[in-house]
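Enquirer: Just a sequence and a predicted model for now, questions to come.
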Amino acid sequence: MLNLNFILNILLYINIVTCYQPILLLNNNNNNNINKNIQKRNILRKEFINFVNYGALFYSIDKFNNYYENNENKNIKIYNNIIKSVCIINTIININNTNITKVGTGVVWTKNGYIITNYHVIQDTIKIKISLENEEYEPKIIGYDTKSDIAVIKINNNNTKPIKLGNIKSIKIGQNAYALGNPYGQNYTFTKGIISGKDREIVLPLGNKISGVIQTDVSINPGNSGGPLLDSYGNLIGINTASLIISSGINFALPIDQVSNTVNKIINYGIIEHAIIGITYLIELPTLYEAQELKIPYIEKGVIILNVPNNSIPYYAGLKGITIINSPEKKIILGDIIIGIDEYKIDNSLDLVTTLKNYKYKIKSI
């Protein structure tokens, strides 16, 4: 089969030769007959150029149409492949003696009916209903981790289709991304965008901070929570969790590596309660200017302890927070500054949060 690109290149080469020939003849002979022949050749040359240009145009249009047709087919294929691995979660909560219905999204994790979602989707619910492949189930809550906002529930079905997991390390900013969920109760809404950023730090709906989060401009709205963020191949790379209300197109998903680690612990143990120190501390260190204004030493690294509750474990361990003296003039005296825990170096509050994840967590069953 002939290659159309090769044919067009040959035609363009002939076109160039044809363009130059009349000029050479004109320089060598001014005879009237030759001039007439030149005019004829010029007409033929123009017709030939039009033929080549139209051929290239139609080839480009055909190539353009094929690109978008293939792109659309890819989108449709991804949707059809994951539709059986995503469910609708309807919940009922009671606020001031009034039942309120909420909607969220879940992802099928295993073949035997384990489903994952955000904890805030099922938080304080009095009833949960799962819709999957036109079947309805009343799931059992297996466990949850409030700090990472992940929950695991289970339905009575041993033939569910688990979603395929992607690799968070392979994703790149700018690559395509997809979401499937139930925004505002519009079931199985499929949206597309790109990966806008990685390793973000956000405040989750429950109020705690988490790092390593994926940023995307894929449309995510209330009802998408707990649903999948997919890569270009339809593999799960994150769980859609939060959006910036003040700005459209800035949405966040928990990365699959963190989610997978948490889910496996929940399935094995139940509720996870993370290690804490039991103190309050400054999230960010004062700048040099702020330190001078407060008349305290300028601290470049570490975590400043604000308060240590009386009769608490850190209190009896000897940790001290800041002291404020109000008379005769207000004065702040710094207490302890955390610069390390065991072999772990603590330069800032994020280091502290990350380090505490290395310590044993308390587990309790439901």
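Expert: Right, received. Where do you want to start?
Enquirer: Run through the chain and note the low-pLDDT ranges.
Expert: Within the chain, the segments meeting pLDDT under 70 span 1-69, 205-207, 244-248, 360-366.
Enquirer: redo that, cut-off 80
Expert: Filtered on pLDDT under 80, the chain yields the residue ranges 1-71, 203-209, 243-248, 271-276, 327-328, 357-366.
Enquirer: Could you pull out the helices in it for me?
Expert: Counting by DSSP state H, the chain has helices at residues 4-28, 32-82, 119-122, 256-269, 288-294, 313-316, 349-356.
Enquirer: Pull the distance from the fourth one to the chain's centre.
Expert: Relative to the chain's own centre, helix 256-269 is displaced by 18 Å; criterion: C-alpha atoms, centre = their mean, to the nearest Å.
Enquirer: by contact count, what packs against it?
Expert: Secondary-structure packing of helix 256-269 (3 or more C-beta pairs under 8 Å, 6 or more residues apart in numbering; DSSP states H and E): strand 114-118, strand 140-145, strand 150-154, strand 236-243, strand 271-273. To be clear about C-beta, it is placed using only N, CA and C from the backbone, and glycine gets the same treatment.
Enquirer: if you set the cut-off to 7 Å instead, what comes out?
Expert: Secondary-structure packing of helix 256-269 (3 or more C-beta pairs under 7 Å, 6 or more residues apart in numbering; DSSP states H and E): strand 140-145, strand 150-154, strand 236-243.
Enquirer: For burial, what's the neighbour tally of the nearest residue to Ile341 once chain neighbours are set aside?
Expert: Nearest non-adjacent residue to Ile341, counting by C-beta to C-beta, 6 or more residues apart in numbering: Thr355, 5.4 Å away. Applying other C-beta atoms under 10 Å, we find 18 residues neighbouring Thr355.
Enquirer: what's near enough to touch Thr355?
Expert: Residues near Thr355 by C-beta atoms under 7 Å, 6 or more residues apart in numbering: Ile341, Tyr344, Ile346.
Enquirer: Over to Ile267?
Expert: Tyr114, Ile142, Val152.
Enquirer: If you rank those by neighbours, which is first?
Expert: Val152 leads the contacts of Ile267 on contacts (other C-beta under 10 Å) with 27 neighbours.
Enquirer: Check the spacing between Gly302 and Ile92 real quick.
Expert: Look at Gly302 and Ile92: by C-beta to C-beta, to the nearest Å, they are 47 Å apart.
Enquirer: Which one's more surrounded, those two?
Expert: In this view Gly302 and Ile92 are compared by other C-beta under 10 Å, and Gly302 has more residues nearby, 21 against 13.
Enquirer: right, and that one touches Ile346 too?
Expert: Yes - with contacts defined as C-beta atoms under 7 Å, Gly302 counts as touching Ile346 at a distance of 6.3 Å.
Enquirer: which neighbours do the two share?
Expert: Ile338, Ile339.
Enquirer: Burial check on Lys345, number of neighbours?
Expert: Lys345 has 11 nearby residues by other C-beta under 10 Å.
Enquirer: Spatially, what comes nearest to it if we skip its sequence neighbours?
Expert: Asp351 is the one closest to Lys345 (C-beta to C-beta, 6+ apart), at 6.9 Å.
Enquirer: just Ser131 next, same as before
Expert: According to C-beta to C-beta, 6+ apart, the nearest residue to Ser131 is Ile88 (4.1 Å).
Enquirer: now swap in Ile163 and tell me
Expert: Ser85 (3.9 Å).
Enquirer: I figured the one you found hits Trp109, correct?
Expert: No - the criterion here is C-beta under 7 Å, and Ser85 misses it with Trp109 at 9.0 Å.
Enquirer: Between these two, which contacts overlap?
Expert: Pro162.
Enquirer: More neighbours: the two, which one.
Expert: The neighbour comparison of Ser85 against Trp109 (other C-beta under 10 Å) goes to Trp109, with 25 against 22.
Enquirer: Quick check: closest non-adjacent residue to that one.
Expert: Ile116 (5.0 Å).
Enquirer: and the nearest residue to Gln215 once chain neighbours are set aside, how many neighbours?
Expert: Leaving aside its sequence neighbours, Gln215 sits nearest to Gly197 (C-beta to C-beta, 6+ apart; 3.6 Å). Look at Gly197: counted by other C-beta under 10 Å, it has 13 neighbours.
Enquirer: now do Thr105
Expert: 28.
Enquirer: Run me through the strand neighbours of the strand ranked longest in the chain, direction for each.
Expert: As assigned by DSSP state E, the longest strand anywhere in the chain is strand 189-203. As defined by DSSP bridges, the strand partners of strand 189-203 come to strand 176-181 (antiparallel), strand 209-216 (antiparallel).
Enquirer: Any idea which of these gets closest to Glu72?
Expert: strand 176-181 (12.9 Å; C-beta to C-beta).
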